[in-house]
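A.B. asks: When you get a sec, could you give me coordinates for this:
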Amino acid sequence: MAASETSNEKNIQANIGRTLLFTPQEIDQIAKYLIANPTRVRDNVIIPRTFVPTIMKTREEKAVEAVFESCPFKSVMSLVAGFVLGGGIGLFTSSITPPNPELPPQTAREVLREMKASTLSYAKNFAAIGFLFSGVECTIETYRGTTDWKNGTYAGGVTGGILGLRAGLKAGVLGAAGFAVFSFAIDYYFRH
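C.D. replies: Numbers count the residues shown, from 1 in each chain. Sure, this is the predicted structure:
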């Protein structure tokens, strides 16, 4: 009986060997391709197989991404960019400002001092506006959980209102409306 079982097993294995299209080594390679990377970064995440490889981000990459997408980082970057942009605009406008004919001619040192004051004034104003607008917009976007035109419009209204309130209530309302319309127009232009 044992001899007949062994011969049957040999016959089955021989028949299987003839009917298989692939060798066991080829099947192993195909399985590795279909399964992809056997080590998983996170055990509880299942990613469906697509035509393009899916790359999971590591914890360090996610941490860096979270820092760059945080509201404080965006606000500080807007502050720095606003300072640089405002400084450039201030330098340009101060260099083309015509001299006052009623005053005596100025020395080069006096002209440079005025240019420095004008440049710093523009730089500080642009930095403050950029910091305030970016912070408010990011906060609104985080609260609403969506990215659309409303975030910029609301942030423009809040920023314009805060900046206008320094001159009074009417100026605050007009500043809010004007900045909101301007923010909406810019957002609409860049999205379309």
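A.B. asks: make it CA atoms for all contacts and neighbour counts henceforth
C.D. replies: Fine.
A.B. asks: residues in contact with stretch 87-107?
C.D. replies: Stretch 87-107 has contacts (CA atoms under 8 Å, 6 or more residues apart in numbering) with 114-116, 118-123.
A.B. asks: among the residues you listed, which are in strands?
C.D. replies: Using DSSP state E, no member of the contacts of stretch 87-107 sits in strands.
A.B. asks: Nearest to the middle of this structure, which residue? Look it up for me.
C.D. replies: residue 69 (5.8 Å; CA atoms, centre = their mean).
A.B. asks: Now do that one against residue 63, distance only.
C.D. replies: 10 Å (CA to CA, to the nearest Å).
A.B. asks: For the helix ranked longest in the chain, buried residues please.
C.D. replies: For the chain, the helix reaching the highest residue count under DSSP state H is reported as helix 108-144. Buried positions in helix 108-144, judged by neighbour count with 16 or more other CA atoms under 10 Å: 115, 118-141.
A.B. asks: Which residues outside whatever helix or strand comes next after that helix are in contact with it?
C.D. replies: Counting by DSSP states H and E, the next helix or strand C-terminal to helix 108-144 is helix 149-164. With contact meaning CA under 8 Å, 6+ apart, helix 149-164 is reached by 129, 132-134, 136-137, 140-141, 171-184, 187-188.
A.B. asks: tell me which element the nearest residue to residue 165 once chain neighbours are set aside falls in.
C.D. replies: Computed as CA to CA, 6 or more residues apart in numbering, the closest residue to residue 165 that is not its neighbour in sequence is residue 172, at 4.2 Å. Applying DSSP H and E as the criterion places residue 172 in helix 169-191.
A.B. asks: Assign residue 49 to helix, strand or coil.
C.D. replies: coil (DSSP: H, G, I helix; E, B strand; the rest coil).
A.B. asks: how close does it get to residue 117?
C.D. replies: From residue 49 to residue 117 the distance is 61 Å (CA to CA).
A.B. asks: Kindly report the same for residue 29.
C.D. replies: 71 Å.
A.B. asks: Ok, residue 95 next?
C.D. replies: Residue 95 is 12 Å from residue 117, by CA to CA.
A.B. asks: one step back: mind giving me the packing neighbours of the longest helix of the chain?
C.D. replies: helix 71-96, helix 149-164 (3 or more CA pairs under 8 Å, 6 or more residues apart in numbering; DSSP states H and E).
A.B. asks: Can you lay out the ones you listed as a markdown table showing mean pLDDT?
C.D. replies: Formatted as a markdown table, the helices and strands packed on helix 108-144 follow (pLDDT from 0 to 100):
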| stretch | mean pLDDT |
| --- | --- |
| helix 71-96 | 94 |
| helix 149-164 | 93 |
